[in-house]
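# Got a predicted structure here, sequence first:
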Amino acid sequence: MIKQCQFHDIENIYTVINDAAKAYEGVIPPDCYHEPYMSIDELSREMQQMSFFGWQDEGQLVGVMGFQRVKDVTLIRHAYVATSRQNQGIGSQLLKYLKGLCETRRLLVGTWADARWAITFYEKRGFCLLPDKDRLLRTYWRIPDRQVEVSVVLGLDLP
């Protein structure tokens, strides 16, 4: 059910991300939300920098997570499950799988500060909000200053 996505999966990844990201509309600052949430060009650039893994059900991609090693940590990036398939354990299974692939001692994830559901998802799986989020976002991510302002970072130390 879990597969490493390839470039030929880009349209399906794009569909999952933009479907699930509709949850951000009206939640994150309006200047940070746009449609599509992630363009094909942006996704193509992201796919060159990280590995994407997907949950496939009956040949259809219904969940994705990016996995990127940066310096001494591993980042979970672009974690989305199609709205019709949320709350079925797909995100949990993808995260568990990626934790097993992690070769660093620390796993980090950034998300919007107002996306309480995302923060709760990670906290239930052992992640903690980190107080030095500005430093972490500037060290491990390449995102606009505005996004740094309105984001949080959660971390999990691995054995």
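Right, received. Where do you want to start?

# Only C-alpha atoms from now on, for both contacts and neighbour counts.
OK.

# This structure: helices as residue ranges?
Remark: helices assigned in the chain by DSSP state H are 10-20, 40-49, 90-101, 116-123, 133-140, 145-149.

# For Gln68, which residues are in contact?
49-51, 74-77 (Cα atoms under 8 Å, 6 or more residues apart in numbering).

# my bad, should have said Ala79
Contact partners of Ala79, counting by Cα under 8 Å, 6+ apart, are 17, 63-66, 91.

# what do you get for Tyr33?
24-25.

# distance of it from Asn18?
Per Cα to Cα, to the nearest Å, Tyr33 is found 11 Å from Asn18.

# then stretch 7-20 to CSV, C-alphas only?
Taking C-alpha atoms only, stretch 7-20 is exported to CSV below (Å, rounded to 0.1, in the frame of the first residue of the first chain):
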residue,chain,number,x,y,z
PHE,A,7,8.0,11.7,-11.3
HIS,A,8,5.3,10.1,-13.3
ASP,A,9,3.1,10.3,-10.2
ILE,A,10,3.2,14.1,-10.2
GLU,A,11,-0.4,14.6,-11.3
ASN,A,12,-1.7,12.3,-8.6
ILE,A,13,0.4,13.9,-5.9
TYR,A,14,-0.7,17.3,-7.1
THR,A,15,-4.3,16.2,-6.9
VAL,A,16,-4.0,14.9,-3.3
ILE,A,17,-2.1,17.9,-2.1
ASN,A,18,-4.5,20.5,-3.5
ASP,A,19,-7.6,18.6,-2.4
ALA,A,20,-6.4,18.2,1.2
